[in-house]
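>>> Next come a sequence and a model predicted from it.
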2 protein chains.
Amino acid sequence: MEKDNKKITSRDVDFAKWYTDVVRAARLADYTSVKGCITIEPNGYAIWEKMQSILDKKFKELGHVNCQMPLLIPESMLNKEKELVEGFAPEVAWVTEGGSKKLDDKLCIRPTSETLFCDYYHEHVKSYRDLPMLYNQWCNVFRWEKETRPFLRSREFLWQEGHTVHATSEEAEHETNQMMDVYRWFFHDILAIPSINGRKTEKEKFAGAEYTLTNEALMYNGVALQAGTSHYFGQKFSQAYDVKFTNKENKEEYVYQTSWGTTTRMIGGLIMVHSDDYGLVLPPRIAPRQVVIIPIGKSEEVENLVNKFNDELVKSGITSYIDNSEKSPGFKFAEAEVNGIPVRIEVGERDLKEGKIVFARRDTREKIEESKDIDVVSYVKDLLEVIQKDMYERAVKRRDSLTFEAHNMKDMENILNTQPGFIHAMWCGDKECEEKIKEIKGCKSRCILEDAPRIDEKCVCCGKDAKHHVVWGIQY
Amino acid sequence: MEKDNKKITSRDVDFAKWYTDVVRAARLADYTSVKGCITIEPNGYAIWEKMQSILDKKFKELGHVNCQMPLLIPESMLNKEKELVEGFAPEVAWVTEGGSKKLDDKLCIRPTSETLFCDYYHEHVKSYRDLPMLYNQWCNVFRWEKETRPFLRSREFLWQEGHTVHATSEEAEHETNQMMDVYRWFFHDILAIPSINGRKTEKEKFAGAEYTLTNEALMYNGVALQAGTSHYFGQKFSQAYDVKFTNKENKEEYVYQTSWGTTTRMIGGLIMVHSDDYGLVLPPRIAPRQVVIIPIGKSEEVENLVNKFNDELVKSGITSYIDNSEKSPGFKFAEAEVNGIPVRIEVGERDLKEGKIVFARRDTREKIEESKDIDVVSYVKDLLEVIQKDMYERAVKRRDSLTFEAHNMKDMENILNTQPGFIHAMWCGDKECEEKIKEIKGCKSRCILEDAPRIDEKCVCCGKDAKHHVVWGIQY
């Protein structure tokens, strides 16, 4: 299928349009005839598969196991936890008919699965010997959103949701923190996205949680993306759903719970942090295809070298492929570019006569001439690592250039009206101040930085004594 | 969690009860408070993950790519293909409310995704250059079943569905056959289940298909399980959903389509072909955990040897683990048995004094004494292959012992009333005869064997001229 990257709007001209253009040009996802739902196309799904394989391996190393809970939740079951119902009831889809009959107890498509896991744990947790149970599931969830933006907001999305039960609050809190560290590691080391980690305010935490830890990333345009959360439930759900165990002293006790999740939103984050006006740019560690080799000319020498390079790269564990299609070299270059292949190797007849080949970096669009006798595996390995590191550093620089401090409401307004970003400011802890700040372009608290130094004595909004150092921002 | 395998009913006494007992004892799945839906527990889900990884690798080697289509189908979209609607409408679940509002166009949860793929291909297929498109998705589907049996029949189940579009009927038919070969390979070589492959009759084929190829396996009790189907659609769907392309002669033409799928039912098949009164028995190639090493006694020698064995096995790519839990050795043996770990290595203080260790095969429950200085990797590799081969051969023997020939309706009745199995019999091709045969205990045509020799001149039912050699049987 031929691609056309001439139609990508500049990200500095119209960021929203640029985003959709990149998603379409790289064939990552598309809108469908099913309102609010998208198709994740093979190029996009391959990124999700790579995210899954890396995260899943880490979850399993930490002792987690995968399972699959039902898609539907009976209304009567959902109603047991009041905060959760209030949080989700307005945005669920209801199944009211099945097998040609009207149902007595209607069923909602899971917006999240706390209730279902609690129902399971209620049946299967008996003794402290059963604990901890460290379950995770990869699945689809559904929330009745009003607008649709591929990967960022859609009625159906894919995610993983970990749900664990523990004998003590210490263990459960340790799990909550540990999984936030895993997400942080994944963002920094794999996605090359610097993120801020902290605690959500009471207003912004998950419905039903004691507290929520969050991983907040900043996009190229200064808008924040919440891209991974880890919740500590204490005994709130176990009391509502009666999940009890017999402890070592032979006494009944409610379990302590956590849940934590990341979604296909991360693909949206990848695009908005790294990509450019030429299409998708992917950090090598998450790119499903890391290297493309493009032959120019049909000589035997070209063909042999292309095959040799590819064989060696594939054998070494690098995902490399040869573009042998009928298109022109220029077209293939553009296609590799729009698809975000980190490294392109051009093997041309004319260059070979001078003993040369060309490496092209997708991130900087730099072309590098090297000898055709180069040790391709070690060269490419190094180059991929350099790209990964450079991409991370550029993302840090961009984030830092969009990070501000506000000492009063005038600062807040000035920043938000000029160039949004992460805004550090002190807060008294009152919901009213959060609501007042929200009046400026919908700016919300991203998270409380628990160990950050105080940058003021007073709340940025009301001027009363400040309790917390908070990062604020406009969000997706 | 402690297990109790004393409660497994004998499979020769009550097969249905035995099946549920094994599913529960090995903690593969459980019923839930959501009617008709099951939880796939970690031990069961690990089998599904292994099935996925092996099949997915094969699909990709053959050029397929994964994607994700929406969960819901608008009624108006479903209605475009008449046969499909008639086939599925009675058994779908309808979403009629979303975001607190009643919907104009209600949405069904996908019972299968032909319509959604067609909607996608309608938008994205333009030219012969775009073809073939070889898409697959791993997802959940929903059908409003009346009874629930874990893995065999439940309202929600997991599956993969391949949907491909081609420029010619030859190519599409080749794909249909190729994928049936993949399923056949998977059943024989990986699951150690001998299956019969053939074509479904008009009555039993997929709603909307030109024809359906099927993979039919026979369970220990003589009941058949349809465990993988591959459909050729010709242009039926492309005409209904207007999926056209411009061919090389620059003329518009409808594409040729296929679909093919396998489900979590395969886990039920695995259980019903191989397991016994002691619990689950798994062929080594599909077992998520292939070897368990159980230390008996706490001497340093035991510990060192156990660790050495495990390290060597894991390094060689065998999935091995040490059971270091606080339970008694006897309890650990029983647990490994009920969970179907193919090979158990017992390393005991007393045995070591005599220079011995013990290998136990799960399939035969045989114990083999070997020297403690054995090359554990090559020994276990060979043993796993022997077990795989023996399990397949036992399954073939069992199937053959339950394979019959019928030459008239009396034969049919006698067989079905004594011991069901695969019944070979000739058929005239009339639906009426199929319906008459179905009156005997619900016996249905499993498939037409296209190249099998004629075993009679006349139809087993009406005595008219026979057209097809058909395998019949009672099904799950």
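Looks like it arrived, so ask away.

>>> Please pull up the helix or strand immediately following the worst-scoring helix or strand of chain A on mean pLDDT.
Lowest on mean pLDDT, DSSP states H and E among the helices and strands of chain A sits helix A:82-88, with a mean of 82. Sequence order places strand A:93-98 as the next helix or strand after helix A:82-88, per DSSP states H and E.

>>> which one is the residue of the stretch 101-250 of chain A found nearest chain B nearest to, not counting chain neighbours?
Going by CB to the nearest CB, chain B is nearest to A:W144 of the stretch 101-250 of chain A, at 3.6 Å. C-betas here are computed from N, CA, C, even on glycine. The shortest distance from A:W144 to any residue other than its chain neighbours is 3.6 Å, reached at B:G99 (CB to CB, 6 or more residues apart in numbering or on different chains).

>>> And for A:Q160?
In space, A:Q160 is closest to A:W138, 4.9 Å off (CB to CB, 6+ apart).

>>> which SSE is the one you found in?
Per DSSP H and E: strand A:133-142 holds A:W138.

>>> is it fair to say A:E393 lies in a helix?
Yes. When DSSP: H, G, I helix; E, B strand; the rest coil is applied, A:E393 is found to be in a helix.

>>> Can you get me a residue count around it?
12 (other CB atoms under 10 Å in any protein chain shown).

>>> repeat for A:E457
10.

>>> Next one: it, what pLDDT does it get?
Predicted confidence (pLDDT) for A:E457: 95.

>>> Could you check how far it is from chain B?
Applying CB to the nearest CB, to the nearest Å, the value for A:E457 to chain B is 44 Å.

>>> Verify the contact between A:I54 and A:I190 for me.
Yes. Between A:I54 and A:I190 there is a contact under CB atoms under 8 Å: 5.9 Å.

>>> Tell me which of the two has more neighbours.
The residue with more neighbours, out of A:I54 and A:I190, is A:I190; 19 against 16, by other CB under 10 Å.

>>> picking that back up, who does the least confident helix or strand of chain A touch, helix- and strand-wise?
Using 3 or more CB pairs under 8 Å, 6 or more residues apart in numbering or on different chains; DSSP states H and E, the elements in contact with helix A:82-88 are helix A:75-78.

>>> Rounded mean pLDDT for the helix it packs on, please.
91.

>>> same check, this time on stretch A:335-347
So the average pLDDT for stretch A:335-347 ends up being 98.

>>> Check whether that stretch comes near chain B.
No. Residues of stretch A:335-347 contacting chain B under CB under 8 Å from any CB of the partner chain: none, with a closest distance of 13.3 Å.

>>> returning to what we had before: what lies in contact with the strand holding A:W138?
For strand A:133-142, contacts defined as CB atoms under 8 Å, 6 or more residues apart in numbering or on different chains pick out A:52, A:56, A:59, A:62-69, A:71, A:92-93, A:109-113, A:117, A:121, A:124-125, A:155-165, A:175, B:42, B:71, B:139-140.

>>> What does the closest residue to A:E86 other than its chain neighbours show for phi and psi?
Spatial nearest neighbour of A:E86, excluding adjacent residues (CB to CB, 6+ apart): A:A207 at 6.5 Å. With angles defined as degrees, to the nearest 10, A:A207 sits at phi -60, psi 120.

>>> Strands of the stretch 51-200 of chain A, start to end?
A:65-66, A:72-74, A:93-98, A:101-109, A:133-142, A:156-166, A:195-199 (DSSP state E, counting those that start in this stretch).

>>> which helices and strands does the first one pack with?
Counting contacts by 3+ CB pairs under 8 Å, 6+ apart, strand A:65-66 packs against strand A:133-142, helix B:42-61.

>>> Including distance to A:D277, could these go into CSV?
Converted to CSV, the helices and strands packed on strand A:65-66 look like this (distance: least, CB to CB, whole Å):
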stretch, distance to A:D277
strand A:133-142, 33
helix B:42-61, 32
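
>>> okay, now A:A240: neighbour count?
Around A:A240 there are 20 other residues, counting by other CB under 10 Å.

>>> Nearest spatial neighbour of it, chain-adjacent residues omitted?
In space, not counting the residues next to it along the chain, A:A240 is nearest to A:E81; the distance is 4.3 Å by CB to CB, 6+ apart.
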